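Asker: just need the structure, nothing else, for what follows:
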Amino acid sequence: ERGPDIWQITSSGYKNEFPAKLLTLFDRLNRWLYSPKSPLNWFTKRRKMRVIPRKPQTADPGERLANGAGGGLVELNAEGAPVRVVQLCADGRDISFKLQEDEARWE
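Answerer: A predicted model of the protein is given here:
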């Protein structure tokens, strides 16, 4: 009845931090352009997919990205699903991401 679960977790390199003001702009632009109600989606055929974001615990309302050069740490459970996602920043910060099932949406 349903397809496989897919997780996408991306982390930039240790010297690859984005300018903060531009990241905020691109974060909001990206959500507008690729939201389920975006005009760009009028011409595409998507399969029904449940999207559940993981937001950085340090994010302000409306933000979905963390800005910090570093590497990612993902811990998996016995079934292979991520149970903990952390960005280990080059400046010593650790940014944890929390599962936001209450914000899940079907695309």
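Asker: CA only for contacts and neighbour counts going forward, please
Answerer: Fine.
Asker: return the set of buried residues in the host helix or strand of residue 84.
Answerer: Element membership of residue 84, judged by DSSP states H and E, is strand 82-89. Judged by neighbour count using 16 or more other CA atoms under 10 Å, the buried positions of strand 82-89 are 85, 86, 87, 88, 89.
Asker: do the same with stretch 52-70
Answerer: Quick answer for stretch 52-70 (16+ other CA under 10 Å): 53, 54, 55, 56, 64, 65, 66, 67, 68, 69, 70.
Asker: cool, and stretch 15-27?
Answerer: So stretch 15-27, judged by 16+ other CA under 10 Å, has buried residues 17, 23, 24, 27.
Asker: give me the nearest residue to the first one, chain neighbours excluded.
Answerer: Once its chain neighbours are removed from consideration, residue 17 has its nearest residue in residue 69; the separation is 4.7 Å (CA to CA, 6 or more residues apart in numbering).
Asker: give me the phi and psi for the one you found.
Answerer: Torsion angles at residue 69 (phi, psi; degrees, to the nearest 10) stand at phi -60, psi 140.
Asker: sorry, back to before: next step: the buried residues of stretch 52-70 restricted to strands.
Answerer: When these are checked against strands (DSSP state E), the matches are 54, 55, 56, 70.
Asker: Serialize those residues to a markdown table and add fields for pLDDT and distance to residue 6.
Answerer: Rendered in a markdown table, the data for those read as follows (pLDDT from 0 to 100; distance: CA to CA, whole Å):
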| residue | pLDDT | distance to residue 6 |
| --- | --- | --- |
| 54 | 79 | 13 |
| 55 | 83 | 17 |
| 56 | 87 | 19 |
| 70 | 86 | 23 |
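Asker: kindly reformat the residues you listed as a markdown table containing distance to residue 39.
Answerer: Written out in a markdown table, the entries for those read as follows (distance: CA to CA, whole Å):
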| residue | distance to residue 39 |
| --- | --- |
| 54 | 25 |
| 55 | 25 |
| 56 | 28 |
| 70 | 34 |
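Asker: contacting residues around residue 27?
Answerer: Contact criterion CA atoms under 8 Å, 6 or more residues apart in numbering gives 63, 64, 65 as the residues in contact with residue 27.
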